[in-house]
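Engineer: need a structure here:
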Amino acid sequence: MEFSEKLEFGHDDRRRIYEYVERHGAVDAEDVQETLHVDPGGFRHHVAILRRDGYLSEDDGVLTVALETGAEEEYETDDVEFTIRPARQEDLTGIVGAIRQVAEQGRYIVAESVADEIDHQEALLRHNELESRMFFVAMVGEDVVGWVHLHAPELDKLSHTAELTVGVLDEYQGNGIGSHLLERGLEWAASNGYEKVYQSAPSTNERAIEFLSDHGWETEAVRENHYKIDGEYVDEVMMAVEL
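Structural biologist: The predicted structure is shown next:
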């Protein structure tokens with residue numbers, strides 16, 4: 001299933017099953033059936049249809065939302081070998097940890113709010129009638145060392161835009177990981193019909209602002225004294241790129 005695809009289920013129980021799985025990230029099929037009080041035979045039939053139509057995937061009895069997000073890509077520099085791939089539900093803890101480490105000391109406030117949201121919801125990827133949320137991760141071995149995240153509201157007047165956050169742990173910067181993540185995120189956004197991607201950062205996050213500027217992003221506006229970090233007022237720099 002692609003993010004640009006309109007959700008159509010043809011049966012109320014299929015919609016309920018999909019929405020429950022989408023809201024919870026990864027769920028044991030038996031738990032879904034019991035929680036929603038769908039008779040076992042009907043439940044198996046609806047899950048089979050949802051799998052056939054590309055809405056759900058099932059692995060060892062665990063249901064997840066099925067999304068067309070592309071392949072895994074491998075890279076190697078003189079210092080590190082890393083992989084960039086679509087994120088999976090089991091990456092949630094690693095992503096939250098990476099975001100919070102990058103966002104510490106008030107450097108990346110929007111990303112910090114993203115970490116809080118996914119940690120609270122316990123669902124990483126979202127695709128419903130109100131919003132879509134996608135992550136790609138940079139992996140060194142089994143560890144998440146960077147991420148790119150896109151969030152898009154499913155509102156007609158804003159459906160051409162998506163908000164992006166991207167970050168790499170300090171010890172892995174300088175290896176091109178951030179550039180590859182940004183490129184992967186923007187390629188995904190363009191392929192799903194988004195025309196403009198934006199993000200905001202405190203003016204004190206000079207590294208992030210320079211990184212985006214070097215990749216063709218432009219400053220659209222500055223909101224003076226928008227943040228208050230460690231008792232000091234800090235401007236918000238609002239940046240965007242046209243796809």
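
Engineer: Could you use CA atoms for every contact and neighbour count after this?
Structural biologist: Will do.

Engineer: and the helix or strand of the chain with the lowest mean pLDDT, what does it pack onto?
Structural biologist: None of the helices or strands of the chain scores lower by mean pLDDT, DSSP states H and E than strand 126-127, at a mean of 88. For strand 126-127, the elements it packs on are helix 12-24, strand 131-140, judged by 3 or more Cα pairs under 8 Å, 6 or more residues apart in numbering; DSSP states H and E.

Engineer: Other residues contacting the helix or strand just after the shortest one?
Structural biologist: As assigned by DSSP states H and E, the chain's next helix or strand after strand 131-140 is strand 143-153. Contacting residues not belonging to strand 143-153 are listed as 91, 94-95, 98-99, 130-139, 159, 161-169, 172, 177-178, 181-182, 185, 189 [Cα atoms under 8 Å, 6 or more residues apart in numbering].

Engineer: Please apply the same query to stretch 69-89.
Structural biologist: Identification of contacts with stretch 69-89 by Cα under 8 Å, 6+ apart yields 2, 25-26, 123-125, 134-141, 175, 180-181, 188.

Engineer: Give me the average confidence score over that stretch.
Structural biologist: On average, the pLDDT along stretch 69-89 is 92.

Engineer: so where's the longest helix in this structure?
Structural biologist: Across the chain, the longest stretch assigned as helix under DSSP state H is helix 177-191.

Engineer: Which helix or which strand is home to the residue of the chain most remote from its centre?
Structural biologist: Centroid-distance maximum for the chain: G41 at 34.3 Å, with Cα atoms, centre = their mean. Element membership for G41, per DSSP H and E: helix 40-52.

Engineer: May I have the next helix-or-strand element following that helix exported as PDB, CA atoms only?
Structural biologist: With elements assigned by DSSP H and E, the helix or strand that comes after helix 40-52 is strand 56-59. Provided in PDB are the C-alpha atoms of strand 56-59 (Å, rounded to 0.1, in the frame of the first residue of the first chain):
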ATOM      1  CA  LEU A  56      -1.900  -5.500   6.300                       C
ATOM      2  CA  SER A  57       1.100  -7.800   6.600                       C
ATOM      3  CA  GLU A  58       1.200 -10.900   8.900                       C
ATOM      4  CA  ASP A  59       4.300 -12.500  10.300                       C
END
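
Engineer: same question for strand 56-59, mean pLDDT?
Structural biologist: Across strand 56-59, pLDDT averages out at 92.

Engineer: After it, which helix or strand is next?
Structural biologist: Counting by DSSP H and E, what follows strand 56-59 is strand 62-65.

Engineer: so where is this structure shaky, pLDDT-wise?
Structural biologist: For the chain, the stretches with pLDDT under 70 are 1-5, 105-106, 154-158.

Engineer: Against V234, how distant is the residue farthest from the centre of the chain?
Structural biologist: Computed as Cα to Cα, to the nearest Å, the G41 to V234 distance reads 58 Å.

Engineer: next one: S200
Structural biologist: As judged by Cα to Cα, S200 and V234 stand 12 Å apart.

Engineer: Compare those two (neighbour count), which wins?
Structural biologist: Using other Cα atoms under 10 Å as the criterion, S200 and V234 rank with S200 on top: 23 against 18.

Engineer: That one contacts D235, doesn't it?
Structural biologist: No - in this structure, S200 is not within contact of D235 by Cα atoms under 8 Å, at 10.2 Å.

Engineer: Okay, N175 and V80: tell me how far apart.
Structural biologist: N175 is 8 Å from V80, where distance means Cα to Cα.
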